[in-house]
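> fold the following and give me the result.
(chains A and B)
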Amino acid sequence: AQTVTQSQPEMSVQEAETVTLSCTYDTSESDYYLFWYKQPPSRQMILVIRQEAYKQQNATENRFSVNFQKAAKSFSLKISDSQLGDAAMYFCAAYSGNTPLVFGKGTRLSVIA
Amino acid sequence: DAGVTQSPTHLIKTRGQQVTLRCSPKSGHDTVSWYQQALGQGPQFIFQYYEEEERQRGNFPDRFSGHQFPNYSSELNVNALLLGDSALYLCASTPWTPNYGYTFGSGTRLTVV
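Numbers count the residues shown, from 1 in each chain, chains lettered A, B, ... in the order given. Sure, this is the predicted structure:
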């Protein structure tokens, strides 16, 4: 079974600053995928970024990037130049071919103007 | 291109009643998964449907059942509602190999009184 742990229930960041959200996971699979999802008050889960476990290069999507440490089973999300619209719940999630998408408990990010 | 649509958006039911939630997947997706998200928590996997059959199931009682239709749309049924069933129910669709992530609907907020 896969497990995903997010140890930061809440985080805050000043507008235009950088923040890093932490995530660790555990899996016995060799082929798996990791994701960060954003859930604003509108409730819809929005895919922010994905990482394929067999790729060593860290994924980047505009202001969002990850630090994927496979040996440590760590997958943190860095948000640069934070904007007010980044305020939301952020969920780390993992998937492999044998298991469904599994989520962490989430981190609530506040952006201070 | 319509994404995942869920209906209804909100629902209030009385303890002991039965409820049916509906989901239409994103165009081109043939696999539907259902999640339960309690307030302040991460989504918990209920089950997944592909080719009109339940393929995987999470740790939920038999009161939770589902169905997938030939057009890939899906229903989630919950019998004998308990107060603890109050939650946001999310539907997600994917191709059978969801390596690019799940696409979520905005959810149905179920309140059991």
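> show me what residue A:112 is bridged to.
Residue A:112 forms beta bridges with residue A:14, as assigned by DSSP bridges.
> show the model's pLDDT score for the residue lying closest to residue A:42 once chain neighbours are set aside.
Using C-beta to C-beta, 6 or more residues apart in numbering or on different chains and skipping residues adjacent in sequence, the residue nearest residue A:42 is residue B:106, 6.5 Å away. In short, each C-beta sits where N, CA and C put it, glycine included. What the model reports as pLDDT for residue B:106 is 94.
> let me see the contact set for residue B:106.
A:42, A:43, A:44, B:6, B:9 (C-beta atoms under 8 Å, 6 or more residues apart in numbering or on different chains).
> do you know the pLDDT at the closest residue in space to residue A:30 that isn't next to it in sequence?
Distance criterion C-beta to C-beta, 6+ apart; nearest residue to residue A:30, sequence neighbours excluded, is residue A:53 at 7.6 Å. We have a pLDDT of 91 for residue A:53.
> and residue A:53, how many neighbours?
Number of residues near residue A:53 (other C-beta atoms under 10 Å in any protein chain shown) recorded here: 19.
> hmm, it is touching residue A:70, no?
Yes: between residue A:53 and residue A:70 there is a contact at 6.6 Å, judged by C-beta atoms under 8 Å.
> state the distance from the nearest residue to residue A:45 once chain neighbours are set aside to residue A:26.
Computed as C-beta to C-beta, 6+ apart, the closest residue to residue A:45 that is not its neighbour in sequence is residue B:104, at 3.8 Å. Separation of residue B:104 from residue A:26 (C-beta to C-beta, to the nearest Å) stands at 24 Å.
> try residue B:111
Taken as C-beta to C-beta, the span from residue B:111 to residue A:26 is 34 Å.
> residue A:47 too?
Residue A:47 sits 22 Å away from residue A:26, taking C-beta to C-beta as the criterion.
> between the two, point out the one with more neighbours.
More crowded of residue A:47 and residue A:26, by other C-beta under 10 Å: residue A:47, with 16 against 11.
> what bridges to the more buried one?
Here residue A:47, judged by DSSP bridges, has bridge partners residue A:37.
> I figured it hits residue B:101, correct?
Yes: counting by C-beta under 8 Å, residue A:47 touches residue B:101, with 4.6 Å between them.
> need the overlap of contacts for the two.
Looking at what touches both residue A:47 and residue B:101 (by C-beta under 8 Å, 6+ apart), the common residues are residue A:35.
> check contacts around residue B:108.
By C-beta under 8 Å, 6+ apart, the contact list for residue B:108 reads B:6, B:7, B:8, B:9, B:10, B:11, B:21, B:88, B:89.
> I'd like the distance between the most centrally placed residue in chain A and chain B.
Among the residues of chain A, residue A:36 comes closest to the average C-alpha position under C-alpha atoms, centre = their mean, at 3.3 Å. Residue A:36 sits 10 Å away from chain B, going by C-beta to the nearest C-beta, to the nearest Å.
> that residue touches residue A:91, doesn't it?
Yes: taking contacts as C-beta under 8 Å, residue A:36 lies within contact range of residue A:91: 7.2 Å.
> who in chain B is up against chain A?
B:33, B:35, B:40-45, B:48, B:56, B:58, B:88, B:90, B:92, B:97-107, B:109 (C-beta under 8 Å from any C-beta of the partner chain).
> can you tell me which of these end up in strands?
In this view, the residues of chain B next to chain A that belong to strands under DSSP state E are B:33, B:35, B:44, B:45, B:48, B:56, B:88, B:90, B:92, B:103, B:104, B:109.
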